[in-house]
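Student: predicted model, plus sequence, below.
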Amino acid sequence: MNEEVKTETSKDTLKPYMLWLMLFTFVAPIGAAFWLYSIGGTENTVNKGEFVKPGVQILEMGLKDLNGDAAKEEQLYGRWHMMYFMESDCKGLCEETIYSMRQIKTAMHKESDRITNLLIHFDENISDSFQARIKTHYANFDRYFADRGVFNQQLGFTGDELMRKRMVFIIDPIGNVILQYNKDKSAKDIISDFKRLLKASQIG
């Protein structure tokens, strides 16, 4: 009888430690990725993109899916993302950017399944011509609607600036917006950063 009680007590005692061990296993790699990208001061960092101020969460951006429903954790968490903003149509430099995003994902080879491309629309009336191009060329992009007025507070850029600068953002698997790139950055720059991030973290 005493042995049974002792066994049960031991099991109960282990549970909190197991929980913390599991938490450490999943969260530590993300912490390592942040450390990798923030140590040593600006001139010594290895990342090509600019580190986004702490505390920016994708779920705080008021995204809505194509059905008009608020985006949920299960839709946006669990994978790495590249995020880009556009209006009702996407031509010229805009389409060059999303084409590059598609190529970046492909260039990650066996790691490409860990990355999802996001298109954020500021205008819900997507042009017929771009709808057709999406089906042909960008069917594997996830797409959401957003209010352009939200982003100056969240990211420090107005909606118009995000589009004019052709800003691309990297988001980690727990929804933190961590790196940003303007139009002067190349696909090679983003690939370089992604390789380091995916190597540093085994989640997502």
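Tutor: Looks like it arrived, so ask away. Numbering: from 1, shown residues only.

Student: check contacts around the residue positioned nearest the centre of the chain.
Tutor: By C-alpha atoms, centre = their mean, the chain has its centre lying nearest to Ile171, at 2.1 Å. By C-beta atoms under 8 Å, 6 or more residues apart in numbering, the residues touching Ile171 are Ile58, Leu76, Trp80, His81, Met82, Met83, Leu118, Val177, Ile178. The way it works is simple: take the backbone N, C-alpha and C, and place the C-beta from them, glycine included.

Student: did I read that right, the fifth one in a helix?
Tutor: It refers to Met82. No: under DSSP: H, G, I helix; E, B strand; the rest coil, Met82 sits outside any helix and is assigned strand.

Student: ok, now which ones touch it?
Tutor: Applying C-beta under 8 Å, 6+ apart to Met82 gives the contacts Met101, Ile104, Lys105, Ile115, Thr116, Asn117, Leu118, Val168, Phe169, Ile170, Ile171, Ile190.

Student: pLDDT and distance to Lys199 for these - can I get that in a markdown table?
Tutor: Formatted as a markdown table, the contacts of Met82 follow (pLDDT from 0 to 100; distance: C-beta to C-beta, whole Å):
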| residue | pLDDT | distance to Lys199 |
| --- | --- | --- |
| Met101 | 97 | 20 |
| Ile104 | 97 | 16 |
| Lys105 | 96 | 17 |
| Ile115 | 97 | 14 |
| Thr116 | 97 | 19 |
| Asn117 | 97 | 20 |
| Leu118 | 97 | 22 |
| Val168 | 97 | 20 |
| Phe169 | 97 | 20 |
| Ile170 | 97 | 14 |
| Ile171 | 96 | 17 |
| Ile190 | 97 | 15 |
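
Student: ok, now which ones touch the closest residue in space to Met86 that isn't next to it in sequence?
Tutor: The shortest distance from Met86 to any non-neighbouring residue, by C-beta to C-beta, 6 or more residues apart in numbering, is to Cys94 (5.7 Å). Contacts for Cys94 (C-beta under 8 Å, 6+ apart) come out as Met86, Met163, Arg166.

Student: for Cys94, what is the enclosing helix or strand?
Tutor: For Cys94, the host element (DSSP states H and E) is helix 93-107.
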